[in-house]
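K.L.:
Everything below, folded, please.
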Amino acid sequence: MVEDDLRFSVGVSTFNEERSIGRLMDFLLTQELEDVFVYNDGSTDHTGEILRRFEDEPNVRVMHGEENHGISYGISKVVENTRNPILVMLDADTMPREGAIQMLADCFKEPNVGGACGGHRMIHGDKWSIINCINERIYEAKKNIDAMQSLRDEYMHLNGLLIAFRKSILPSKLTKHTSQDAYLGWYIKSNGYRNVFVPEAWSTFHPPSTVRDYIRGRKRVIRNRYFLSIEFRAPSYVWRDCSFSSYVFELLAAIPLWSFRGFLSLLFGIAVDVYYRLYWFNAFRRGEENNYRWEQVTSTKW
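P.N.:
You can find the predicted model right below:
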């Protein structure tokens, strides 16, 4: 018998994920989960039709929004409608490994754990590209850094694809201006709870595969880091704490400098990050940080 305060729900917020949501739902049905809630955030493709095939499953509930309101709204809907005190949240275009969801739920047997997340495994083509090189090596290095910080009880920044948290300690309203995974990690840690990283609870995903998508992604992520630094009064976060300095360290640790391709990837990655940190520094200084039309990196599909 599972103690009431250790019961967990699984939540998914989805928007236009017709090529991945059916596969994810089929996987979730094999996991013998007590409560699965999916919020369809006003999808305009066939996502809603696919989800309706699962509405008769006894442990699955689906809610369809008429309009798209964004990731913050979607997560809030999941939090409001899931039944159990612990929530395991999945991106709609990821695929967890067998047992990963339970691994994260088990972390909350320790009462001081407020958040938990798993690692990432990338899926990309075999053809070499500068973006695949950067992504592959950085995620490997980041996994090692996250594991070290978790062991030292210094882990702040939850990774997005597969995360879990205690609903009772979440803010009453999720901010719309930050990456939700990073924001929740900082909020949980700032309120005296631990975040833990479980590398064995990995899930697979498709990273940005083109130079254009990579650049757009870094632009968006760095903008959100500035918002976090302001909200949590941590001005060093953008350039030092868990951000630029760790990013450079990840590059240096992960990319073999004796390889011309590796060296080229290193220079490209640092150049993009420096440019957008200065870009957003000037935008925030001038009060123009919101004069930016939200750009979503091309969604990663199965």
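
K.L.:
For the strand or helix carrying residue 199, buried residues please.
P.N.:
Using DSSP states H and E, residue 199 sits in strand 194-205. Residues of strand 194-205 classed as buried under the neighbour-count rule (16 or more other C-beta atoms under 10 Å) are 194, 195, 196, 197, 198, 201, 202, 203, 205. C-beta: built from backbone N, CA, C; applies to glycine.

K.L.:
List the buried residues of the helix ranked longest in the chain.
P.N.:
What stands out as the longest helix in the chain, according to DSSP state H, is helix 260-285. Neighbour-count burial for helix 260-285, counted by 16+ other C-beta under 10 Å, picks out 262, 265, 266, 268, 269, 272, 273, 276, 277, 280, 283, 284.

K.L.:
how close does residue 96 sit to residue 15?
P.N.:
Remark: distance between residue 96 and residue 15 (C-beta to C-beta, to the nearest Å) = 20 Å.

K.L.:
ditto for residue 74
P.N.:
From residue 74 to residue 15 the distance is 7 Å (C-beta to C-beta).

K.L.:
For those two, list the residues in contact with both.
P.N.:
Shared contacts of residue 74 and residue 15 (C-beta atoms under 8 Å, 6 or more residues apart in numbering): residue 41.

K.L.:
who has more neighbours, the two?
P.N.:
Neighbour count, other C-beta atoms under 10 Å: between residue 74 and residue 15, residue 74 has more, with 27 against 22.

K.L.:
Wait, the more buried one touches residue 13, no?
P.N.:
Yes: Residue 74 lies in contact with residue 13 (C-beta atoms under 8 Å); the separation is 3.1 Å.

K.L.:
can you list residues touching both of the two?
P.N.:
Common neighbours of residue 74 and residue 13 (C-beta under 8 Å, 6+ apart) are 39, 41.

K.L.:
for residue 45, what are its contacts?
P.N.:
So residue 45 contacts 16, 18 (C-beta under 8 Å, 6+ apart).

K.L.:
quick one: low-confidence parts of the stretch 201-302 of the chain?
P.N.:
Across the stretch 201-302 of the chain, residues meeting the criterion (pLDDT under 70) sit at 240-243, 245-247, 249-258, 290-302.

K.L.:
Recalculate using a threshold of 90.
P.N.:
In the predicted model of the stretch 201-302 of the chain, residues 204-274, 276-277, 280-302 satisfy pLDDT under 90.
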